[in-house]
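> After the sequence you'll find the predicted model.
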Amino acid sequence: MSKRVSLTQYLVEQQRLHGHIPGQLRLLIEVVARACKRIAIAVNKGALGEVMGVAGTENVQGEVQKKLDIISNEVLIEANEWGGHLAAMASEEMDTIHTVPNRYPAGEYLLLFDPLDGSSNIEVNVSIGTIFSVLKKPNDDPNQIEPVSEADFLQPGSQQAAAGYCIYGPQSMLVLTVGDGVAMFTLDRETGSWVLTAENVKVPADTKEFAINMSNMRHWDTPVKRYVDECLAGQEGPRGKDFNMRWVASMVADVHRILTRGGIFMYPWDKREPDKPGKLRLLYEANPMSFLIEQAGGAATNGHQRILDLQPEKLHQRVSVILGSKNEVERVTAYHQEAKGG
Ligand code: P6P
C-alpha cells in the first residue's frame, strides 16, 4: 500500500510547495476538518446519542431545525471562535453573521457554511453533509477597527479562497479545493485522521445520469422540461442514448456522486415560488459546490450565467442550480438561451 498522506501533509505541501495557501488558511481548513470529525461522530451515533428528532425551533429560512442541525452549527462556531484565523462566520442556521471575539490581529478570513445539509434524511439513515466556503475579508488590514459587516460576505463565488464539504455516509469523506484541483480525504476512524484517497478529481464531460426532483415536473420552466424529456426519450429520442436518474434529496450526496462518476444535478427555478430564483442558497451551497465542480473540470450555471460570477445581494439569497458534466450543463444553459431568444 502506498504511503498514506494526511490532510495536514497535503495542506503543508499546498502551502510550501505550491504556494497556494497561506498559513492562516491552512489552519482554518484544519479547524473545519476537526469540527467535521466531531459532527461525523454525532451523526454516526444516531438514536444512541440523543441527537435525533426536531429541536422545536425554525431557522432563518422558516425550516424546522433538527437537533443535529443545531449541534453541527454549534460545533463549527465553537471550533472556529478562537482560531485566530477568522474574522466572522455565516451559517444557514443563523439569521445574521457571527463575528468572533475582538482581538488583534483580526483573522483574515470569512467562513460560511450549511452545517448539516440534507437533514431531512437523518431519520432514514441516508448520507448528509456539511458544506463550507471560505472568503477573504475584503479589507484585510489586521488592525482594521470597523467590525465585519454582512456586506463583507457578499462576494462572487469566484472570490472563494477554498471550499468543500464533508459527507457523512458509509464513509465520512472530506472533499476540498483551494484552487488547485479537488482532493478527497477519507476519515480513518481508528486513527482519527483524514487520509488522502483521491486527488485531481475529474468530472467526465458527458454523462448518462441526471439528478432532479421529478415530482416538480409540472412546475418547471420550458428549457428544463425539454432537457429532461429528451433524457427520458432515451435511445429513440434526440439524444440517441438511454439515461439513468438519481435523486438523493441531499445535495452533498448528489454532488459527491457527480464528482465520483459524472452526472448533472438540477434544482431549477419553478412556478411554485415564482418570485424566488430557486430553493438552494447561493453563498453556502451553490458557490462552494460550483467551485468544486469547476475545479474538477465541470460547469455550474443558474441557466443563464456562471454561478461563480453572480454578485450576491443578500446573505441567504437563493439561486437556480444546474451543475456537473460540462457538456450537459452547457446543453441545458443553451436551451435557456434559446427560450429567451438568445
Ligand atoms: P427537495 C436539502 O434540504 C436540500 O437543501 C438539498 O440538499 C437537496 O438537494 C434539496 O434540498 C432537496 O430538495 O425539494 O427534493 O426535498
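Perfect, I can see it now.

> So, low pLDDT: which residues of the stretch 1-150 of the chain?
1-2, 102-106, 140-146 (pLDDT under 70).

> Burial check on the residue in the chain that the ligand sits nearest to, number of neighbours?
For the chain, the residue positioned closest to the ligand under Cβ to the nearest ligand atom is residue 251, at a distance of 3.4 Å. Placement of C-beta: from N, CA and C, glycine included. Residue 251: 25 surrounding residues under other Cβ atoms under 10 Å.

> Would you map out the domains in the chain?
By the record's domain assignment, the chain is partitioned as 7-198, 209-340 (automatic domain parsing).

> what about the first one and the ligand, touching?
What it means is domain 7-198. Yes. Among the residues of domain 7-198, 117-118, 120 lie within reach of the ligand under Cβ under 6 Å from any ligand atom.

> Check the separation of the first and last residues in that domain.
12 Å (Cα to Cα, to the nearest Å).

> go on, stretch 196-215?
Stretch 196-215 has its terminal residues 38 Å apart, counting by Cα to Cα.

> Would you mark the buried spots in that stretch?
Neighbour-count burial for stretch 196-215, counted by 16 or more other Cβ atoms under 10 Å, picks out 196-197, 201, 203-205, 207-212.

> same question, stretch 36-44
Quick answer for stretch 36-44 (16+ other Cβ under 10 Å): 36-37, 39-43.

> out of these, who's nearest residue 50?
The nearest member of the buried residues of stretch 36-44 to residue 50, counting by Cβ to Cβ, is residue 42 at 9.9 Å.

> Show the contacting residues for that closest one.
If a contact means Cβ atoms under 8 Å, 6 or more residues apart in numbering, then residue 42 has 49, 51, 68, 71-72, 75 as its contacts.

> residue contacts, residue 202?
So, once contact is read as Cβ under 8 Å, 6+ apart, residue 202 ends up touching 296-297.

> Show the pLDDT at it.
In this model, residue 202 is scored at 98, pLDDT.

> Is it in a helix, a strand, or coil?
coil (DSSP: H, G, I helix; E, B strand; the rest coil).

> State the distance from it to residue 297.
Distance from residue 202 to residue 297, counting by Cβ to Cβ, to the nearest Å: 5 Å.

> What strand or helix carries residue 239?
Taking DSSP states H and E as the definition, one finds residue 239 inside no helix or strand.

> What's the separation between the residue nearest to it when sequence neighbours are not counted and residue 258?
What sits nearest to residue 239 in space, not counting adjacent residues and going by Cβ to Cβ, 6 or more residues apart in numbering, is residue 230, at 5.1 Å. Distance from residue 230 to residue 258, counting by Cβ to Cβ: 19 Å.

> Look at these two and report which has more neighbours.
Higher neighbour count among residue 230 and residue 258: residue 258, with 26 against 16, using other Cβ under 10 Å.

> In the chain, what residue spans correspond to helices?
7-16, 23-45, 67-81, 222-233, 251-261, 287-295, 326-339 (DSSP state H).

> Could you export those helices as JSON lines, including distance to residue 129?
Below are the helices of the chain laid out as JSON lines (distance: least, Cβ to Cβ, whole Å):
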{"stretch": "helix 7-16", "distance to residue 129": "17"}
{"stretch": "helix 23-45", "distance to residue 129": "9"}
{"stretch": "helix 67-81", "distance to residue 129": "10"}
{"stretch": "helix 222-233", "distance to residue 129": "25"}
{"stretch": "helix 251-261", "distance to residue 129": "3"}
{"stretch": "helix 287-295", "distance to residue 129": "10"}
{"stretch": "helix 326-339", "distance to residue 129": "22"}
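
> Among those, show me which one is buried the most.
Highest mean neighbour count of these: helix 287-295, a mean of 27 (counted as mean count of other Cβ atoms under 10 Å).

> State the mean pLDDT of it.
pLDDT averaged over helix 287-295 gives 98.

> so how far is it off the chain centroid?
Mean C-alpha position of helix 287-295 versus that of the full chain (Cα atoms, centre = their mean, to the nearest Å) differs by 8 Å.

> just checking, what packs against that helix?
strand 128-136, strand 162-168, strand 172-177, helix 251-261, strand 299-301, strand 321-324 (3 or more Cβ pairs under 8 Å, 6 or more residues apart in numbering; DSSP states H and E).
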